[in-house]
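>>> Sequence first, then the predicted structure, then my questions.
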Amino acid sequence: MAIVDIEQFIIDYFSAYQCNPLKMEDGVMQVELTEELDKILMNRPFYWHYIQSLGQEGVPMTLTLITNPDKREQAGEWIDIGSPRLQQIFNHVTQHEKYTLLFQEVNTDKNTPLYPWLLANFKVSYRGRQKKEEIISLGIQLVTGKVIVNMMDELNKLALKQQISNFCYTISPIITLTSGFKRIEKIIQHYVENQPKEWANEALETRNEEIALLKQFYKDDLENNIVKKEMEEINNRYTPEITIDVTSGGLIYLLQDFPDIERFS
């Protein structure tokens, strides 16, 4: 994995766990761990058990990671694709989080590049008179910007693993993870905005009918708290709402000849 890839992955990882960055420059990262990550990464169960038995607040450790080869001799842990610490972090992410880092398995005896793809699986929920959900899987190549649909279906056809294959190396992304996610997020939003609106109109009609019926039935007592509560429940039940959630995703490194699939429309 290229140095910049490892560095960004580690930054994203510690950021997700709200670790305080003490130093982050030129391939040297020093972070103050949270209690949660200290327990996960630093293998100090007796310390935490003792502190908790005393009813005291523990002190998480500080971790220094080095990704710049020129600074490898400095105090800290050298991190590359095969380092135990990075594998420990990969394993934690894979086992406990909804995001992952995977590589296509390649049998080769010559240097072979793998290209970065950002995978995001979305759940789109429509709520109105009835409820409907759909799962949409998108992938964007972080070098060319190509976007494909049904990414998970295509990945299921490939052999993927957590370690990079021998003789393979990764191509550094040109598009950042944040920028890549924003691109596919816009595609999802455009897709949702262009879906048929009949379901929403039907929900609004039902809501208006229910409210009109309620007002007619309680026309002399509309300020009653019970009536107000019923009206609020009708609004909550029938007002159209669309939510978009990311259910899972990851950074996947694949061969360049990944299938040429039609873009999302």
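Thanks, I have the structure now.
>>> If you count contacts, what does the top strand by length along the chain end up packed against?
When the chain is parsed with DSSP state E, its longest strand is strand 112-127. Packed against strand 112-127 by the contact rule (3 or more C-beta pairs under 8 Å, 6 or more residues apart in numbering; DSSP states H and E) you find strand 131-141, helix 151-155, strand 168-170, helix 177-193, strand 241-254. (Glycine included, C-beta is placed from N, CA and C.)
>>> ok, that strand: who's next to it in the sheet?
Sheet pairing for strand 112-127, assigned by DSSP bridges, gives strand 131-141 (antiparallel), strand 168-170 (parallel), strand 241-254 (antiparallel).
>>> Gly249: what's it in contact with?
Residues near Gly249 by C-beta atoms under 8 Å, 6 or more residues apart in numbering: Lys98, Tyr99, Thr100, Leu118, Leu119, Ala120, Asn121.
>>> Let's have the residues you listed in CSV, adding distance to Leu86, neighbour count and pLDDT.
Formatted as CSV, those follow (distance: C-beta to C-beta, whole Å; neighbours: other C-beta atoms under 10 Å; pLDDT from 0 to 100):
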residue, distance to Leu86, neighbour count, pLDDT
Lys98, 20, 11, 66
Tyr99, 15, 17, 73
Thr100, 14, 17, 78
Leu118, 19, 25, 91
Leu119, 20, 21, 91
Ala120, 23, 21, 88
Asn121, 25, 18, 87
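>>> What does the pLDDT read for Gly76?
Looking at Gly76, its pLDDT reads 90.
>>> I meant Ile148, not that one.
As predicted, Ile148 sits at a pLDDT of 88.
>>> can you count the residues close to it?
21 (other C-beta atoms under 10 Å).
>>> what's the most distant pair in the contacts of Gly249?
Greatest spacing in the contacts of Gly249, by C-beta to C-beta: Lys98 and Leu118 (14.0 Å).
>>> what does the domain assignment say about the chain?
Following automatic domain parsing, one finds the domains of the chain at 1-95, 98-265.
>>> contacts for the longest helix seen in the chain?
For the chain, the longest helix by residue count, based on DSSP state H, is helix 198-217. Helix 198-217 is contacted from outside by 126, 128-130, 132, 222, 227, 230-231, 234-235, 237-240, using C-beta under 8 Å, 6+ apart.
>>> can you name the two of those that are farthest apart?
Lys132 and Leu222 (33.2 Å).
>>> Report the residue spans of the stretch 101-250 of the chain with pLDDT below the cut-off.
For the stretch 101-250 of the chain, applying pLDDT under 70 flags the ranges 218-225, 227.
>>> residues touching Leu254, list them.
Leu254 makes contacts with Gln104, Leu114, Tyr115, Trp117, Leu158, as judged by C-beta under 8 Å, 6+ apart.
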